[in-house]
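>>> Model the structure of this input:
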Amino acid sequence: EEKLNLDDSQWEDIHVVTGALKMFFRELPEPLFPYCFFEQFVEAIKIQDHATRIKSIRSLVKKLPKPNYDTMKILFEHLQKIAAKESVNLMSTQSLGIVFGPTLLRPEKETGNMAVHMLYQNQIVELMLSEYSKIFG
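Okay, here's the model as predicted:
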C-alpha cells in the first residue's frame, strides 16, 4: 500500500534492508513454513542419514502451498548468494540460519522447548541453504 522510494538514503544501510525483510516475514499471519509443517520439518532435520534427511526436507518443501514454495525458493536462492560471499559479508549458512530460522519457521504455540526449537530452526535453514540445488532443483 505504501509507495517506497528505494533511492532514499535510508535504504543504503544493508542492516535496514535486512531488518525490513525479516520484519516482513515475522509479521506474516503465518510463517513462510506454515505452522502445520513445523513438527514435520523438525522430525526431518533429526534424521541421522544425510541423504535421507535431504530427501525428507525436499518432500516437505514440495508439499507446501505454491505461494509459500515460490517465495521460499526465491528467498533461499537469494540467501545462498549472500552465503557465497561469506568472505566479504561474514554471513555463512550457519549465520543465516541463526538470523532467519526463528523468523521463517516457528511453532504456533511456544512451549518450554524454545531453545531446542531454535536449534532445529537454525539447522533447517542452514541445510536448505547448503543443499539448495538438491531441495529445490
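
>>> hey, let's count contacts and neighbours off CA atoms from now on
Fine.

>>> Now do the same for Ile135: helix, strand or coil?
Reducing the assignment to helix, strand or coil with DSSP: H, G, I helix; E, B strand; the rest coil, the entry for Ile135 is helix.

>>> Could you do Leu28 as well?
Per three-state DSSP, Leu28 ends up coil.

>>> then the lowest-mean-pLDDT helix or strand in the chain to CSV, C-alphas only?
Least confident helix or strand of the chain, by mean pLDDT, DSSP states H and E, is helix 14-26 with a mean of 88. The C-alpha trace of helix 14-26 is given here as CSV (Å, rounded to 0.1, in the frame of the first residue of the first chain):
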residue,chain,number,x,y,z
ILE,A,14,22.1,-3.1,4.5
HIS,A,15,21.0,-3.6,8.1
VAL,A,16,17.9,-1.5,7.4
VAL,A,17,17.1,-3.6,4.3
THR,A,18,17.7,-6.9,6.2
GLY,A,19,15.7,-5.7,9.1
ALA,A,20,12.8,-4.8,6.8
LEU,A,21,12.9,-8.2,5.2
LYS,A,22,13.0,-10.0,8.5
MET,A,23,10.1,-7.9,9.8
PHE,A,24,8.0,-8.6,6.7
PHE,A,25,8.4,-12.4,7.2
ARG,A,26,7.9,-12.1,11.0
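
>>> And the top helix by length along the chain, what's buried?
When every helix of the chain is counted residue by residue (DSSP state H), the longest turns out to be helix 66-84. Counting neighbours by 16 or more other Cα atoms under 10 Å, one finds that the buried residues in helix 66-84 are 68-69, 72-73, 76-77, 79-80, 82-83.
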